[in-house]
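Enquirer: mind folding the following:
(chains A and B)
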Amino acid sequence: MQDRECVIVINDGNDTGFSIVNQLINQNYHVVLIERQLPKSDVAFNGIGTVEFFIFDFYNTELIEPEIKKLPPEIFPVSGLVYAAGIGGVRPLSLTNTVFLHQMMNANLYAFVEFARCICKKKRFKDGGSVVALSSVSSTKGLKSKIAYSASKAALDASIRGLAAELADRKIRVNSIQKGWVRADMKHSFIQDNMALSEADDLAKQPLGVIESEELAHMVVYLLSPESRSITGTNLVLDGGYTL
Amino acid sequence: MDILTNKTFLITGAGKGIGFHLAEALHELGASLILHTNSTDSMARIQSRFSLGQHTFFQADFSSPENLEDLWKKQISGSLKIDGYVHCVGIRSRRPINMLKTHDVMQVMTANFASYVEMIRLVTRKNTYNPGLSIVGISSISAHAGGSGITAYAASKAAMEAATRCLAKELYKKEIRVNTVVCGQIETEAYQTLMESKDDQTDKVLERQYLGLGKPSQVTDIILFLLSEKSAFITGSAIPADGGYLTT
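Expert: Numbers count the residues shown, from 1 in each chain, chains lettered A, B, ... in the order given. Have a look, this model is predicted:
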């Protein structure tokens, strides 16, 4: 056993994920960061806590169970799991075939549920622990050409309620954060495609402006901490007023 | 609802439950139907029940939506144009998280969600529908309220509702509306099977569903309304048929 609480963060190269790791190590957590590839060299972590890296392609969900078994045994049982990975993508209905739907569901739902299944077992997850997944306002708001993405985030949010009901016996809490436009996400090409394909002024719907990753990370840290011990099965909205 | 007479409706999952009751109601109203079931057995049953009338039958396994396009082309004549599509196909699943492997989640998502999107993709092509087409998906209160062991099922129904909101915005210019009906506990064969499988024969859902167990006709009446022009101003919505469940 180690003295620091351990949190597993699943991330797919997103700045938001790095921001979450930074805030967790500032709070003296031990972070196990699982990525699909090595982050770029300009990513730096600073804090009093510690961070360990593991790399594997978790969108191939069959790898998740064997890779979790390979993690150093001393990190278990962990007290938190954060799913900050996932993909985006826009396509009109005529091109939204089953293969595309499955790709989206695979990264945004199946991989999350598989991590939850493998990590929330008694020997690996502390009673009273907390699970947080990053969702999107698209879960509740429809946009053209975002059929697959919206559906995958709504599915993620619904899975949270199922898991929360099931894990409540062990006082494990499960929540998601429905985020609006976050600055770090906007550099991705699919967002620019979306602006072109869909409603161009979507960002204008967010009266408080763009959200910084740090703010999102604060909310994740809060949901992981005992201060939120009575919050479970919810989808917290952090959207700068997008859904107003 | 005379306005539904002489119109053509596609019902998937018409072999039993809500789909079957809806087929009966639309048949009584004099509509032409395209009735889908997944198995040869239930196909024989609905072929004999609906032998009188202008009906077409469509057999396809919705657990492989990638085959739907071919099956649709083979079985449905190109001259049929539909005025409404109601998606009643769906599988229930109950599995605790420690047994819920990706394969199990995928199976439920495929049957309940991917098949819904794929059918909409097929029926909204040119010359397949008449303007004013109304699409209705059958969702569940599970999409909104969590329950132990129904993680995958709840996710699949929430995905349907989210896709419906996007499709409404995408298809309105083609004069197509898309909505879902959010069902509570309804007295169907599936409900009886569920209750027989329980040891204590009690249904906790009914404690919150204060209007009691729903009758299939109470759901089909809402679907008929959504199919008709009387609901022309409603799209992208999820209409509760839940006996008050989601308000408690």
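
Enquirer: for chain A, give me the ranges with low pLDDT.
Expert: Within chain A, the stretches with pLDDT under 70 are A:1-2, A:189-201.

Enquirer: helices or strands up against the biggest helix by length in it?
Expert: Longest helix in chain A by number of residues (criterion: DSSP state H): helix A:147-167. When contacts are defined as 3 or more CB pairs under 8 Å, 6 or more residues apart in numbering or on different chains; DSSP states H and E, helix A:147-167 packs onto helix A:98-105, helix A:111-119, strand A:125-136, strand A:173-179, helix B:115-123, helix B:151-171. The C-beta positions use only the backbone N, C-alpha and C, and glycine is treated the same way.

Enquirer: next one: stretch A:237-244 to chain centre, how far?
Expert: Distance of stretch A:237-244 from the chain centroid (CA atoms, centre = their mean, to the nearest Å) equals 18 Å.

Enquirer: tell me the centre residue of chain B?
Expert: B:Cys88 (2.3 Å; CA atoms, centre = their mean).

Enquirer: can you map out the strands along chain B?
Expert: B:8-12, B:32-37, B:55-59, B:82-87, B:129-140, B:177-183, B:238-241 (DSSP state E).

Enquirer: please identify the most buried of the helices and strands packed on helix A:147-167.
Expert: Of all the helices and strands packed on helix A:147-167, helix B:151-171 carries the top mean neighbour count, a mean of 28, counting by mean count of other CB atoms under 10 Å in any protein chain shown.

Enquirer: so for that helix, mean pLDDT?
Expert: Here helix B:151-171 scores 96 as its mean pLDDT.

Enquirer: could you do stretch B:85-102 as well?
Expert: The average pLDDT for stretch B:85-102 rounds to 93.

Enquirer: pull out the buried positions in that stretch.
Expert: For stretch B:85-102, burial by neighbour count (16 or more other CB atoms under 10 Å in any protein chain shown) applies to B:85-91, B:93, B:95, B:97, B:100-102.

Enquirer: so that stretch, near chain A or not?
Expert: Yes - interface with chain A: stretch B:85-102 contributes B:96-98, B:100-102 (CB under 8 Å from any CB of the partner chain).

Enquirer: circling back to that earlier point, which of the buried residues of stretch B:85-102 lies closest to A:Gly17?
Expert: Closest to A:Gly17 out of the buried residues of stretch B:85-102 is B:Thr102 (21.7 Å), distances taken as CB to CB.

Enquirer: quick one: low-confidence parts of chain B?
Expert: Counting by pLDDT under 70, chain B contains low-confidence ranges at B:1-2.

Enquirer: OK, contacts around B:Gly243?
Expert: B:Gly243 is in contact with B:184-185, B:209-214, counting by CB atoms under 8 Å, 6 or more residues apart in numbering or on different chains.

Enquirer: can I get those in CSV including distance to B:Gly236 and neighbour count?
Expert: Shown next, in CSV, are those (distance: CB to CB, whole Å; neighbours: other CB atoms under 10 Å in any protein chain shown):
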residue, distance to B:Gly236, neighbour count
B:Gly184, 21, 25
B:Gln185, 25, 21
B:Gln209, 25, 21
B:Tyr210, 28, 11
B:Leu211, 26, 12
B:Gly212, 29, 12
B:Leu213, 29, 16
B:Gly214, 24, 21
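
Enquirer: just the residues you listed: which are in helices?
Expert: Under the assignment DSSP H, the contacts of B:Gly243 contribute nothing to helices.

Enquirer: of these, closest to chain A?
Expert: The nearest member of the contacts of B:Gly243 to chain A, counting by CB to the nearest CB, is B:Gly184 at 16.1 Å.

Enquirer: from what I can see that closest one touches B:Gly214, true?
Expert: Yes - assessed by CB atoms under 8 Å, B:Gly184 is found in contact with B:Gly214 at 5.8 Å.

Enquirer: give me the common contacts of these two.
Expert: The contact sets of B:Gly184 and B:Gly214 overlap at B:241-243 (CB under 8 Å, 6+ apart).
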